[in-house]
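Visitor: from the sequence below, what's the structure:
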Amino acid sequence: MFQADLFRDSRPSEPMRLAAPPTTTTVSILECLSTSCKRPRYAFMVLNLLVEASQRTGSAGPYVLVGDLRVPVRDWLCDALVPVAQRDPRRLSIEGRVRQMLEDACELPLDPDDAQRLVDEMVLERIRISGRTNVSRAVSELVRAGLVKRHYQGFRVDHHNRGAKRQAVYVVTEPVMRALSRATT
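Guide: As a prediction, the model looks like this:
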């Protein structure tokens, strides 16, 4: 039984039409990054590199193959972004400080080519150290924006002191992967 006066003014309802989820495009990704990241251009470069590294498996890490060499994904990202900093004044000042440090310690080779090679190696190592921090910060912003998921693989993942021998694995979400893969083809 039902009470007729409760239903007297009601009309049969039409089926609800659920809106399709908005498609993820490069423009929508850039809008998301510009509102959620402190350095949206850098985050977009990192995101594009992650899409490139995860084309085959859907995830980037813990290692990326460079020829026959397995490189941790964070180091690979740092090395891939090094050309962006080639003309940066800070990089040039690092090179000057490294050269001065080697000269003061009398460790700079006499051969100019060997000296430049040693300076370049030490500068690259310093850039990689700061680059790891920058990459981690950018990936954290991508995770907060919901564009990337991060987990870790390696020794003692569930241990209370989790820092030992863990490597990051980054998984780009499926809509972002489709949008950026489509944009690069």
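
Visitor: buried sites along the longest helix belonging to the chain?
Guide: For the chain, the helix with the greatest residue count under DSSP state H is helix 112-144. For helix 112-144, the neighbour count (16 or more other CB atoms under 10 Å) marks 115, 118-119, 122-124, 127, 131, 134-135, 137-139, 141-142 as buried. Glycine gets a C-beta too; all of them are placed from N, C-alpha and C.

Visitor: next secondary structure element downstream of the helix or strand of the chain with the lowest mean pLDDT?
Guide: In the chain, no helix or strand scores lower on mean pLDDT, DSSP states H and E than helix 4-7, which sits at a mean of 57. Next along the chain after helix 4-7, taking DSSP states H and E as the criterion, comes helix 26-36.

Visitor: show me how far that next one is from its chain's centre.
Guide: Taking CA atoms, centre = their mean, to the nearest Å, one finds helix 26-36 lying 15 Å from the centre of the chain it belongs to.

Visitor: what's it in contact with?
Guide: The contact list for helix 26-36 (CB atoms under 8 Å, 6 or more residues apart in numbering) reads 22, 40, 43-44, 47, 141, 144-147, 176, 179-180, 183.

Visitor: of those residues, just say which sits nearest to Leu77.
Guide: Nearest to Leu77, judged by CB to CB, of the contacts of helix 26-36 is Leu47 at 10.5 Å.

Visitor: quick one: contacts for the closest one?
Guide: By CB under 8 Å, 6+ apart, the neighbours of Leu47 are 29, 33, 142, 147-148, 172, 176, 180.

Visitor: among these, name the buried ones.
Guide: 29, 33, 142, 147-148, 172, 176, 180.

Visitor: wait, Val119 sits on Met101?
Guide: No: applying CB atoms under 8 Å, one finds Val119 not in contact with Met101, separated by 9.7 Å.

Visitor: in this protein, where is pLDDT below threshold?
Guide: Regions of the chain meeting the criterion pLDDT under 70 cover residues 1-22, 155-165, 182-185.

Visitor: give me the element the closest residue to Val135 other than its chain neighbours is part of.
Guide: Nearest residue to Val135, sequence neighbours excluded (CB to CB, 6 or more residues apart in numbering): Leu77, at 4.7 Å. Assigned by DSSP H and E, Leu77 belongs to helix 73-81.

Visitor: packing partners for that helix?
Guide: In terms of contacts (3 or more CB pairs under 8 Å, 6 or more residues apart in numbering; DSSP states H and E), helix 73-81 is packed against helix 40-53, strand 63-66, helix 112-144, strand 166-172.

Visitor: got the ones you listed as JSON lines, with distance to Pro83 columns?
Guide: Converted to JSON lines, those look like this (distance: least, CB to CB, whole Å):
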{"stretch": "helix 40-53", "distance to Pro83": "11"}
{"stretch": "strand 63-66", "distance to Pro83": "15"}
{"stretch": "helix 112-144", "distance to Pro83": "11"}
{"stretch": "strand 166-172", "distance to Pro83": "21"}
